[in-house]
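Student: The amino acid sequence is not available; the structure is as follows:
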Ligand SMILES: Nc1ncnc2c1ncn2[C@@H]1O[C@H](COP(=O)(O)OP(=O)(O)OP(=O)(O)O)[C@@H](O)[C@H]1O
């Protein structure tokens, strides 16, 4: 019992002899300082809530809104709707899951993280003792004790040396892992994006996707590695510093402790704001990048319409939105820093006053007080860092939400078929196919169409613009899934074929073939698993009527094609594209207006190549110039997504239906053109680079002859 009484007296805060005694001054300090700090924070919360509700001018700007993608002008409603419990829950889930996923990405480098953590631990421990040695250096100077002074100086120097080495190593490892993380994230994102179906690319602009690939991923990678570094360091430092402070003076530590929840609360509040704002910054940046990318990639069109100033104006408006979102984010950051500083000022003042009181009452020694103050300053820095970590993580999670959204999207069109046929014939069948594009679900493009193309047959699809011809090719290429009905090749649904196998058997030459910024050789063997010999490449080029012009280039097959084939003429591009299709010896050739953009000479060269290559192959051809499909085995006439006529050229002409009308209109148009061209003066005729008269004449002549 007596022991209990002694213990009670020893721990009784009212007992003047107890080391845990608290007087009125103690209680006043512990209560008043946090209250004062809270008041400061409250004022700032009110100020920032007001600021938050102010909409920027450019968000109201109608012109910009008209050019802004959906996610930008819908971000305001989404923010207000985030007030509902459901939305907040979704946001928290999104944020948490994106953190975990980013951490998972770093799992691969766990060995490096362990080394970095050991360095960090050593650095933090050595750093932790520095205030202790500083306190003793000061007190030994006051006491005139030079032996103690030298000893503590040596300890200080030794610990600083270890600190410098280990913290440098830690920094290097974290930078290296950050670079690796960014690269891995970039590769994963690019792989995921390329695996998406065409619907995804219909919905997302190229510039937006590339912006995610560069800017968002860098933001995430850097924020994560830097924050992981700071977070781990801060945790170790916090534990060490707290222990040292407790040992030095528990009364003073109690005062410091009370401000802890305030610091965490502030970090949470501002972290949430900053996270939300970061998503807006990244979205606005993606939108601006998208516009810049579009303007640069279509520079010829921009220049031919002298529209540079307008493009610059639009980009400025979009960049202005990025700037405004970024400034608002910087203001949140400023507020958060300000609050942190208020807390620190109050805490320092409180500690000085209360610590001074303890020293004057002989409850704390001077060296301990000095050391405590230094530790407290360090704790302030550490807590500040932890706050920064939280806001940094929120930034990263804001930037990563869209990244993971793209990466997680499961394509609606899956290319997971396994079928590889040894006896691939190339019989095409459209069986009751109906289709509407996913982004225009209410506008049916194909309505219950059925047709077959037997192996070796040449079938032409003709019809007015927008009747659904290219859509048929898109479905056959399995870019989209039909809403109803089936598309079969050799009686097997296209989705059941192995993706690579199918696209080697079926080759497409489109109206505006896109070449890659690589050599002609690389373009011809594009997408092939094995490298083709020079002989095979030349053979494909000869079949496509391309060898002679390629041979005239100085670098021959190593000549660069330029971005999207910009360094090649239209006819040359078409013939390289034809060689690219032919090198895989496809059973089925899809020709989507392969010659419509060419002049007479280029067209005749491509036609000649096509005539040579179609023999023995199943061919589905789309042509506006009806003269090019006269010899097809069968012609299907489409109108508003339905097959309205079917037969050979002669049969259809005799029917006097839509096909006849189309041919007639084309002849009349050509005749009018010829008359117009003939009355034009010579210089004008030379200046206007239209498809040649001779070509049009021959087309009209052919068509007329056939009527
Ligand atoms: N990616 C797309 N998203 C939404 N609608 C589309 C898309 N591509 C085409 N369309 C629409 O589908 C319809 C048919 O287009 P399609 O390209 O198949 O016509 P077409 O007969 O080939 O025309 P043209 O002869 O002028 O090339 C058009 O109304 C077009 O606006």
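Tutor: Looks like it arrived, so ask away. Keep in mind that this is a model prediction, so the values were computed, not measured.
Student: can you tell me which helix or strand the residue nearest to residue 215 when sequence neighbours are not counted belongs to?
Tutor: Taking C-beta to C-beta, 6 or more residues apart in numbering, and ignoring the residues beside it in sequence, residue 215 has residue 285 as its nearest neighbour in space, at 5.6 Å. For the C-beta atoms, the positions are set from N, CA and C on the backbone; glycine is no exception. Here residue 285 sits within helix 250-297, counting by DSSP states H and E.
Student: Off-centre distance for that helix?
Tutor: Counting by C-alpha atoms, centre = their mean, to the nearest Å, helix 250-297 is centred 20 Å from the centre of its parent chain.
Student: again with stretch 647-656
Tutor: Remark: stretch 647-656 is offset 52 Å from the chain centroid, using C-alpha atoms, centre = their mean.
Student: near the ligand, which residues of the stretch 151-300 of the chain show up?
Tutor: residue 202 (C-beta under 6 Å from any ligand atom).
Student: Just the angle for the single longest helix found in the chain relative to helix 250-297, thanks.
Tutor: Criterion DSSP state H: the longest helix present in the chain is helix 308-360. For helix 308-360 against helix 250-297, the angle between stretch directions is 170 degrees (axes from the mean of the first three to the mean of the last three C-alpha atoms, to 10 degrees).
Student: who does helix 308-360 touch, helix- and strand-wise?
Tutor: helix 24-53, helix 57-60, helix 62-67, helix 250-297, helix 366-408 (3 or more C-beta pairs under 8 Å, 6 or more residues apart in numbering; DSSP states H and E).
Student: which outside residues touch stretch 610-623?
Tutor: 425-428, 453-462, 469-470, 472-473, 476, 543-545, 578, 582, 586-596, 628-629, 632 (C-beta atoms under 8 Å, 6 or more residues apart in numbering).
Student: Let's see that with 7 Å instead.
Tutor: The list of residues contacting stretch 610-623 from outside it, by C-beta atoms under 7 Å, 6 or more residues apart in numbering, reads 426, 428, 453, 455-462, 469-470, 473, 543, 582, 586-594, 596, 629, 632.
Student: go on, stretch 580-589?
Tutor: 424-426, 428, 504-509, 523-526, 528, 532, 536-537, 540, 543-544, 613-614, 617-619.
Student: and the residue nearest to residue 527 when sequence neighbours are not counted, what helix or strand is that in?
Tutor: Excluding the flanking residues, the one nearest residue 527 by C-beta to C-beta, 6+ apart is residue 503, at 7.3 Å. Using DSSP H and E, residue 503 sits within helix 499-505.
Student: how about that helix: buried residues?
Tutor: Within helix 499-505, the residues scored as buried using 16 or more other C-beta atoms under 10 Å are 502-505.
Student: Tell me the one of the residues you listed nearest residue 227?
Tutor: Closest approach to residue 227 among the buried residues of helix 499-505 (C-beta to C-beta): residue 503, at 44.0 Å.
Student: Would you mind identifying the next helix or strand past the helix holding residue 503?
Tutor: Immediately after helix 499-505, counting by DSSP H and E, sits strand 506-509.
Student: that older thread, the helix holding residue 285 - contacts with which helices or strands?
Tutor: Counting contacts by 3 or more C-beta pairs under 7 Å, 6 or more residues apart in numbering; DSSP states H and E, helix 250-297 is packed against helix 24-53, helix 70-73, helix 206-211, helix 217-248, helix 308-360, helix 366-408.
Student: between those, which one is nearest to residue 448?
Tutor: helix 70-73 (32.2 Å).
Student: what mean pLDDT would you report for that closest one?
Tutor: Averaged across helix 70-73, the pLDDT comes to 34.
Student: ditto for stretch 233-251
Tutor: Over the span of stretch 233-251, the pLDDT mean works out to 82.
Student: gap between it and the chain center?
Tutor: 43 Å.
Student: For whichever residue of the stretch 151-300 of the chain sits closest to the ligand, what is the enclosing helix or strand?
Tutor: Using C-beta to the nearest ligand atom, the single residue of the stretch 151-300 of the chain nearest to the ligand is residue 202, 4.7 Å away. Using DSSP H and E, residue 202 sits in helix 198-203.
Student: Mind listing what's buried along that helix?
Tutor: Quick answer for helix 198-203 (16+ other C-beta under 10 Å): 198-200.
Student: which regions of the stretch 551-700 of the chain lie under the pLDDT threshold?
Tutor: By pLDDT under 70, the low-scoring segments of the stretch 551-700 of the chain are 594-603, 673-700.
Student: Tell me, how many residues neighbour residue 262?
Tutor: 21 (other C-beta atoms under 10 Å).
Student: same check, this time on residue 360
Tutor: 9.
Student: Same question for residue 239.
Tutor: Residue 239, neighbours per other C-beta under 10 Å, totals 13.
Student: Next, the contact list for the residue nearest to residue 215, please.
Tutor: So residue 285 contacts 211, 215, 322 (C-beta under 7 Å, 6+ apart).
Student: Residue 275 now?
Tutor: Contacts of residue 275 (C-beta under 7 Å, 6+ apart): 95, 394-395, 397-398.
Student: ok, now residue 125?
Tutor: residue 240.
Student: repeat for residue 426
Tutor: 455, 489, 505, 587-588, 618.
Student: 6 Å - rerun?
Tutor: Listed by C-beta atoms under 6 Å, 6 or more residues apart in numbering, the contact partners of residue 426 are 455, 587-588, 618.
Student: and if you look at residue 234?
Tutor: 382, 385-386.
Student: residue ranges of the helices in the stretch 451-600 of the chain, please?
Tutor: Secondary structure of the stretch 451-600 of the chain (DSSP state H, counting those that start in this stretch): helices at 469-476, 499-505, 520-524, 534-543, 547-552, 570-582, 600-613.
Student: Can you lay out those helices as a markdown table showing distance to the ligand?
Tutor: Shown next, in a markdown table, are the helices of the stretch 451-600 of the chain (distance: least, C-beta to the nearest ligand atom, whole Å):
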| stretch | distance to the ligand |
| --- | --- |
| helix 469-476 | 3 |
| helix 499-505 | 20 |
| helix 520-524 | 24 |
| helix 534-543 | 26 |
| helix 547-552 | 27 |
| helix 570-582 | 16 |
| helix 600-613 | 17 |
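Student: quick one, which of the ones you listed is packed in tightest?
Tutor: Mean neighbour count (mean count of other C-beta atoms under 10 Å) peaks for helix 570-582 among the helices of the stretch 451-600 of the chain, with a mean of 25.
Student: ok, back up a step: so which of the buried residues of helix 499-505 comes closest to residue 168?
Tutor: So of the buried residues of helix 499-505, ranked by how close each gets to residue 168 (C-beta to C-beta), first place is residue 503, at 52.3 Å.
Student: And the pLDDT at that closest one?
Tutor: You'll see residue 503 listed with a pLDDT of 88.
Student: do the same with residue 542
Tutor: 87.
Student: Relative to residue 403, how far out is it?
Tutor: 46 Å (C-beta to C-beta, to the nearest Å).
Student: give me the number of residues near residue 482?
Tutor: 20.
Student: and what of the one 10 residues further on?
Tutor: The burial count assigned to residue 492 is 17, neighbours taken as other C-beta under 10 Å.
Student: bridging residues for it?
Tutor: Residue 492 forms beta bridges with residue 489, as assigned by DSSP bridges.
Student: hmm, back to that, turn the helices of the stretch 451-600 of the chain into TSV, columns for distance to residue 318.
Tutor: Converted to TSV, the helices of the stretch 451-600 of the chain look like this (distance: least, C-beta to C-beta, whole Å):
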stretch	distance to residue 318
helix 469-476	31
helix 499-505	37
helix 520-524	34
helix 534-543	44
helix 547-552	42
helix 570-582	33
helix 600-613	39
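Student: which stretch among those comes nearest residue 368?
Tutor: Shortest distance between residue 368 and the helices of the stretch 451-600 of the chain, using C-beta to C-beta, is found for helix 499-505: 73.1 Å.
Student: Go ahead and name everything in contact with that closest one.
Tutor: 415, 420, 424, 584, 586-587.
Student: which of these are buried?
Tutor: Buried among the contacts of helix 499-505 by 16+ other C-beta under 10 Å: 415, 424, 584, 586-587.
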